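1. Structure, please.
(chains A and B)
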Amino acid sequence: GGIITQTPKFLIGQEGQKLTLKCQQNFNHDTMYWYRQDSGKGLRLIYYSITENDLQKGDLSEGYDASREKKSSFSLTVTSAQKNEMAVFLCASSNRLGGHAETLYFGSGTRLTVL
Amino acid sequence: QQQVRQSPQSLTVWEGETAILNCSYEDSTFDYFPWYHQFPGESPALLIAIRPVSNKKEDGRFTIFFNKREKKFSLHIADSQPGDSATYFCAPNVGDNSKLIWGLGTSLVVNP
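-> I've put the predicted structure just below:
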């Protein structure tokens, strides 16, 4: 088995601040994802990466940057935090078999609060 | 334009009943059809998945029924238990680019 570790678990920032969320996985998975989940809502894809140094934009990439410098880690930067950004940010990873993503495994999330 | 639609948005059943959750999609290139569940305060986790080589997949009390012609797949939870109370997401896979398309979820409550 493996684990996905997200840090920090809770992040409090000021409006306009640049904030970085980190994610590490030891599954040796190829693909990693960042999702945003607002309270009581579904998952919206921000960025994903199918291999080291690859970045693919999701539907919600505006206002975010991402970095995949190593296979095991994937970081997300909120470039200028906004009050409507308070949400849980979920990191996930998966393997690719025959070119298709298999099971996604999720971290426990980073809960962002913007003051 | 929403490519994946889940219904109902919320569902309440009594313990022992069968809960039926539905997912419809538009993209005919989808070829992997998973259901994830998410308990309050936790992250989503894979529950069960099907590939279109089969119309049915069972795992204990959980069954997926797949209808390729109508572009629908449903999750049936037999003998529902209060511990099944969660939000259920369908998230079919788009071709070979690893990008799952998530539905908005069905919130299931099982009353004892």
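
2. quick one, what contacts the nearest residue to residue B:10 once chain neighbours are set aside?
-> What sits nearest to residue B:10 in space, not counting adjacent residues and going by Cβ to Cβ, 6 or more residues apart in numbering or on different chains, is residue B:107, at 4.4 Å. (Each C-beta comes from the backbone N, C-alpha and C, glycine too.) Shown in contact with residue B:107 (Cβ atoms under 8 Å, 6 or more residues apart in numbering or on different chains): B:9-11, B:86-87.

3. Torsion angles phi and psi at the spatially most central residue of chain A?
-> Central residue check for chain A by Cα atoms, centre = their mean: the C-alpha nearest the mean position is that of residue A:34, 2.5 Å away. Backbone geometry at residue A:34, expressed as degrees, to the nearest 10, gives phi -120, psi 130.

4. Residue B:70 too?
-> According to degrees, to the nearest 10, residue B:70 has phi -90, psi 0.

5. How many neighbouring residues does it have?
-> Applying other Cβ atoms under 10 Å in any protein chain shown, we find 8 residues neighbouring residue B:70.

6. Look up how far residue B:3 lies from it.
-> Separation of residue B:70 from residue B:3 (Cβ to Cβ, to the nearest Å) stands at 15 Å.

7. same question, residue A:108
-> Taking Cβ to Cβ as the measure, residue A:108 falls 28 Å from residue B:3.

8. swap in residue A:55?
-> In this view, residue A:55 and residue B:3 are 22 Å apart by Cβ to Cβ.

9. and if you look at residue B:78?
-> Here the criterion is Cβ to Cβ. By it, residue B:78 lies 29 Å from residue B:3.

10. Chain A against chain B: which residues are in contact?
-> Along chain A, the residues adjacent to chain B under the rule Cβ under 8 Å from any Cβ of the partner chain are A:31, A:41-45, A:48, A:50, A:56, A:58, A:90, A:94, A:96, A:98-104, A:106-109.

11. Buried subset of those residues as a ChimeraX selection?
-> Under the burial definition 16 or more other Cβ atoms under 10 Å in any protein chain shown, those of the residues of chain A next to chain B that qualify are selected in ChimeraX by:
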select /A:31,42,43,45,48,50,56,58,90,94,96,100,101,102,104,106,107,108,109
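
12. Which members of the residues of chain A next to chain B are positioned in strands?
-> For those, membership in strands holds for A:31, A:43-45, A:48, A:56, A:90, A:94, A:96, A:100-101, A:106, with DSSP state E as the criterion.

13. got any ranges where chain B has weak pLDDT?
-> B:1-2, B:95-98 (pLDDT under 70).

14. Next to chain A, which bits of it? Give me the list.
-> Counting by Cβ under 8 Å from any Cβ, the residues of chain B close to chain A are B:31-32, B:34, B:36, B:42-46, B:49, B:89, B:91, B:93, B:95-100, B:102-105.

15. Buried only: go through these for me.
-> Looking at these with 16+ other Cβ under 10 Å, the buried ones turn out to be B:31-32, B:34, B:36, B:43-44, B:46, B:49, B:89, B:91, B:93, B:98-100, B:102-105.

16. ok, now which ones touch residue 71?
-> Just so you know, I chose chain A. Neighbouring residues of residue A:71 by Cβ under 8 Å, 6+ apart: A:28, A:30, A:51-52.

17. try chain B instead
-> By Cβ under 8 Å, 6+ apart, residue B:71 lies in contact with B:24-26, B:28.
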